[in-house]
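Chemist: Below are the sequence and a predicted model for it; my questions follow.
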Protein chains: 2
Amino acid sequence: MNSDWIGYLAAALTTASFLPQAVMTVKTRDTSSLSLGMYSLFTLGVLCWLIYGVLLANWAIIVANAVTFLLAAAILAVKLHNSLRK
Amino acid sequence: MNSDWIGYLAAALTTASFLPQAVMTVKTRDTSSLSLGMYSLFTLGVLCWLIYGVLLANWAIIVANAVTFLLAAAILAVKLHNSLRK
């Protein structure tokens, strides 16, 4: 059985999962229970995946992580804004 | 230049990133600004990555996603518990 399809499903789910969080965070501006440590490390990690995809010229890795990077960076921006305003 | 090292760095960062969120969520029990949609989709997606790693017998994918799955599932459990109690 070709396992690629579950890889694509995994990438789609983990990428899409940040959309509801990004929408909720941008709408409510509430980041009280979001960890700044998580979104800092995660956004940096996704950026590394993006660079890795570019080095391999692998469009699946590039597209999935470019979308995730934008969503995670938006959440991080709201969290940072709230943290700096305290 | 061998690009593997940035792949391992990316995996380490995105895996480790869920530790501060899991600790914060389990400690504070506050999940008000966490999206149930995100953690449901994300936990399912990481489970798919884990199955994908097993199918490929790729230990890096297996270990990274097993750790992420445990952390994300812990966060999802607290979020579900709070949602069901309302």
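Modeler: Here it is on my side, so go on. Residues are numbered from 1 along each chain as shown, chains lettered A, B, ... in the order given.

Chemist: out of all of them, which helix in chain A is the longest?
Modeler: Counting residues, the longest helix in chain A under DSSP state H turns out to be helix A:59-85.

Chemist: Which positions in that one come out as buried?
Modeler: A:61-62, A:64-69, A:71-72, A:74-76, A:78-79, A:82 (16 or more other Cβ atoms under 10 Å in any protein chain shown). For the C-beta atoms, the positions are set from N, CA and C on the backbone; glycine is no exception.

Chemist: Over to stretch A:48-61?
Modeler: Under the neighbour-count criterion of 16+ other Cβ under 10 Å, stretch A:48-61 has A:48-54, A:61 buried.

Chemist: Stretch A:13-32 now?
Modeler: A:13-25, A:31.

Chemist: does stretch A:31-42 come close to chain B?
Modeler: Yes - using Cβ under 8 Å from any Cβ of the partner chain, stretch A:31-42 reaches chain B at A:31-35, A:37-42.

Chemist: do stretch A:56-75 and chain B meet at all?
Modeler: Yes - Stretch A:56-75 lies within reach of chain B by Cβ under 8 Å from any Cβ, at residue A:56.

Chemist: Residues contacting that stretch, please?
Modeler: With contact meaning Cβ atoms under 8 Å, 6 or more residues apart in numbering or on different chains, stretch A:56-75 is reached by A:8, A:11-12, A:14-15, A:18-19, A:21-22, A:25-26, A:31, A:34, A:39, A:42-43, A:46-47, A:49-50, A:52-54, B:3.

Chemist: Ok, stretch A:34-44 next?
Modeler: So stretch A:34-44 is contacted by A:25, A:69, A:72-73, A:75-76, A:79-80, A:83, B:13-14, B:16-21, B:24-25, B:33-34 (Cβ under 8 Å, 6+ apart).

Chemist: element containing residue A:31, please.
Modeler: Using DSSP states H and E, residue A:31 sits within no helix or strand.

Chemist: ugh, wrong one, I meant residue A:41
Modeler: Per DSSP H and E: residue A:41 is located in helix A:36-56.

Chemist: Output that helix in CSV with nothing but the alpha carbons.
Modeler: Provided in CSV are the C-alpha atoms of helix A:36-56 (Å, rounded to 0.1, in the frame of the first residue of the first chain):
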residue,chain,number,x,y,z
LEU,A,36,4.7,32.6,24.2
GLY,A,37,7.4,30.0,24.4
MET,A,38,5.4,27.6,22.3
TYR,A,39,4.7,30.0,19.5
SER,A,40,8.2,31.4,19.4
LEU,A,41,9.8,28.0,19.1
PHE,A,42,7.1,26.7,16.8
THR,A,43,7.3,29.6,14.4
LEU,A,44,11.1,29.3,14.3
GLY,A,45,10.8,25.6,13.7
VAL,A,46,8.3,26.0,10.9
LEU,A,47,10.7,28.5,9.3
CYS,A,48,13.4,25.9,9.4
TRP,A,49,11.0,23.3,7.8
LEU,A,50,10.4,25.9,5.1
ILE,A,51,14.2,26.4,4.5
TYR,A,52,14.6,22.6,4.5
GLY,A,53,11.8,22.3,1.8
VAL,A,54,13.6,24.9,-0.3
LEU,A,55,16.9,23.1,0.0
LEU,A,56,15.3,19.9,-1.1
